[in-house]
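> Test case, fold it:
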Amino acid sequence: MIGLKPGNNNSVNTTNITIGMLAALVTTVIVFLAASRKACGQDVIFSQFYANPLYLNPAFAGSKQCDRLIFNYRNHPFPDFGTYSTYSFSADTYLPAISGGVGMNLIHDSQAGLLSHTQAGLMYAWQGRLSREWNLSLGLQASYMNYRVNAADFVFPDQYNPSGTGNFISGESPLELESSHNIDFATGFLVYSSTFYTGFAVHHVNTPTLDIFEDEKLNIKYTFMIGYDYVPGRFAASQSDRFSLSPNMIIQSQSGRLRFNYGLYTHLEMVSAGVWFRHSFDHANSLIFMLGLKQVNYTISYSYDYSLSGFYSPQNGVHEIGVLLNFNCPAPTGRYRILNCPTF
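Next comes the predicted model:
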């Protein structure tokens with residue numbers, strides 16, 4: 001949820017704001033598609049996009065108007081290889097004195113114990129007004145990143161022994177470096193009203209080099225997001241049995257690959273459910289099923305990725321859990337304009 005005081009002094013006098021927004025969106029998508037032809041390494045994927053908003057777009061920092069803590073865990077088993085496990089912790093708050101939100105994000109990803117990635121980021125998001133109905137958030141992020149290879153567990157082809165007796169010593173040259181340290185930058189924006197939002201984020205702006213692998217860079221990741229919160233008329237006046245439908249779309253591009261995500265959330269009282277479809281240009285990837293329990297001060301959500309690509313069986317699907325905790329939230333006095341964006 002994104003909140004902004006209607007009386008905020010950070011207002012921008014604009015005309016034809018709707019036409020301007022549409023033009024900006026068209027330009028963004030054109031640049032996005034053109035940029036998607038660049039090529040190398042890719043980032044961790046979370047299926048519960050909005051249960052980890054600071055990872056999705058730094059412009060979400062302080063968007064809840066509360067002190068917020070977020071925990072995420074993702075588990076992706078590969079029976080013949082190992083398990084990919086990803087942990088994430090985020091914290092953010094809104095500070096009126098600086099007209100925006102500040103936040104931090106910690107991520108640790110382990111790929112079968114062979115390659116691990118740790119990232120710690122700080123971000124700031126300025127929030128202001130475009131018009132009476134439209135609001136803007138601009139986010140910046142700086143992060144420290146570490147990639148580490150556990151070369152001791154590598155098994156090379158020349159170590160394979162068909163008889164199963166003894167161990168061969170590999171003739172492969174050892175890696176010169178087993179750890180890489182980098183500084184990374186990201187930026188993003190959100191434009192929103194009380195029921196509609198859209199945004200764009202650019203991660204790895206400086207394309208940091210992964211020194212472990214020769215000439216390997218972490219390429220820029222582009223993320224475009226758009227969503228709408230629809231409340232049928234007979235539920236609009238009630239908060240106790242509020243029902244809403246929220247269609248969303250997220251498009252991401254990195255390393256020459258485009259990934260499309262389409263989803264629909266339904267919310268009734270304190271229960272939320274959703275389904276997403278993820279695919280690229282060449283093949284369908286997965287169906288994502290989600291279920292969540294939402295209270296005033298916390299949200300707990302679970303999701304399951306069912307593969308459509310045939311790379312793993314239903315028993316080896318991807319499990320993800322998200323926990324959001326809110327503290328010191330302002331009372332609903334009508335002083336804030338709120339976007340009811342998804343929480344997972």
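> The stretch 201-344 of the chain: helices as residue ranges?
Remark: helices of the stretch 201-344 of the chain are absent; assignment by DSSP state H, counting those that start in this stretch.
> no, scratch that, I was asking about the stretch 51-200 of the chain
For the stretch 51-200 of the chain, applying DSSP H, counting those that start in this stretch gives helices covering 53-56.
> so where's it shaky on pLDDT?
The model of the stretch 51-200 of the chain has pLDDT under 70 over residues 78-82, 151-177.
> Enumerate every residue touching the residue lying closest to residue 321 once chain neighbours are set aside.
Distances taken as Cβ to Cβ, 6 or more residues apart in numbering put residue 73 closest to residue 321, at 5.0 Å, once the chain neighbours are dropped. Where C-beta positions appear, they are placed from N, C-alpha and C, glycine not excepted. Neighbouring residues of residue 73 by Cβ atoms under 8 Å, 6 or more residues apart in numbering: 85, 86, 87, 88, 320, 321.
> Top of those residues by number of neighbours, please.
Most neighbours among these, by other Cβ atoms under 10 Å: residue 320, with 24 neighbours.
> which residues pair with that residue across the strands?
residue 74, residue 303 (DSSP bridges).
> Touching, it and residue 74? I think so.
Yes: taking contacts as Cβ atoms under 8 Å, residue 320 lies within contact range of residue 74: 4.5 Å.
> Which residues are in contact with each of these two?
46, 47.
> What is the burial count for the nearest residue to residue 306 once chain neighbours are set aside?
Nearest non-adjacent residue to residue 306, counting by Cβ to Cβ, 6+ apart: residue 287, 4.7 Å away. For residue 287, the count of nearby residues is 16 (other Cβ under 10 Å).
> now residue 304
If we define neighbours as other Cβ under 10 Å, then residue 304 has 16 of them.
> Got the confidence number for it?
pLDDT recorded at residue 304 is 94.
> Angles on the backbone of residue 295, please.
Main-chain torsions, residue 295, degrees, to the nearest 10: phi -120, psi 180.
> Looking at strand pairing, list the partners for the closest residue to residue 206 other than its chain neighbours.
Sequence neighbours aside, residue 185 is the residue nearest to residue 206 in space, at 5.3 Å (criterion: Cβ to Cβ, 6+ apart). As for beta bridges, residue 185 partners with residue 142 under DSSP bridges.
> count of neighbours near residue 185?
By the criterion of other Cβ under 10 Å, residue 185 has 17 neighbours.
> so what's it up against?
Here residue 185 is in contact with 140, 141, 142, 143, 204, 205, 206 (Cβ under 8 Å, 6+ apart).
> Tell me how many other residues surround the fifth one.
Read it as residue 204. The tally of other residues near residue 204 (other Cβ under 10 Å) stands at 21.
> How about the last one?
Per other Cβ under 10 Å, the neighbour tally for residue 206 reads 13.
> For residue 3, give me the pLDDT.
pLDDT, residue 3: 48.
> no, scratch that, I was asking about residue 236
In this prediction residue 236 is given a pLDDT of 58.
> nearest spatial neighbour of residue 72, skipping sequence neighbours?
Nearest residue to residue 72 in three dimensions, chain neighbours excluded: residue 88, at 4.0 Å (Cβ to Cβ, 6+ apart).
> would JSON lines of the contacts of residue 73 with distance to residue 283 be doable?
Formatted as JSON lines, these follow (distance: Cβ to Cβ, whole Å):
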{"residue": "85", "distance to residue 283": "25"}
{"residue": "86", "distance to residue 283": "23"}
{"residue": "87", "distance to residue 283": "29"}
{"residue": "88", "distance to residue 283": "27"}
{"residue": "320", "distance to residue 283": "22"}
{"residue": "321", "distance to residue 283": "27"}
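> For residue 62, which residues are in contact?
92, 93, 94, 95, 100, 101, 102, 103, 125, 127.
> Relative to residue 92, how far out is it?
Separation of residue 62 from residue 92 (Cβ to Cβ, to the nearest Å): 6 Å.
> Which members of the contacts of residue 185 define the maximum pairwise distance?
Across those, the longest distance by Cβ to Cβ is 13.8 Å; it joins 140 and 204.
> quick one: common contacting residues for those two?
Common neighbours of residue 140 and residue 204 (Cβ under 8 Å, 6+ apart) are 185, 186.
> Need the pLDDT of the spatially closest residue to residue 216 that is not a sequence neighbour.
Leaving aside its sequence neighbours, residue 216 sits nearest to residue 210 (Cβ to Cβ, 6+ apart; 4.6 Å). The model reports residue 210 with a pLDDT of 77.
> so residue 210 touches residue 178, yeah?
No: in this structure, residue 210 is not within contact of residue 178 by Cβ under 8 Å, at 11.8 Å.
> Please say which of these two ends up with more neighbours.
Each of residue 210 and residue 178 has its neighbours counted (other Cβ under 10 Å); residue 210 has more, 19 against 13.
> which residues touch that one?
By Cβ under 8 Å, 6+ apart, the residues touching residue 210 are 41, 147, 180, 182, 216, 217, 218.
> Show the buried residues in these.
Among the contacts of residue 210, the ones that count as buried by 16 or more other Cβ atoms under 10 Å are 41, 147, 180, 182, 217, 218.
> which ones are touching the nearest residue to the fourth one once chain neighbours are set aside?
If the residues on either side of it in the chain are set aside, residue 182 comes closest to residue 208, at 3.8 Å by Cβ to Cβ, 6+ apart. Each residue near residue 208 by Cβ under 8 Å, 6+ apart is listed here: 145, 182, 183, 184, 217, 218.
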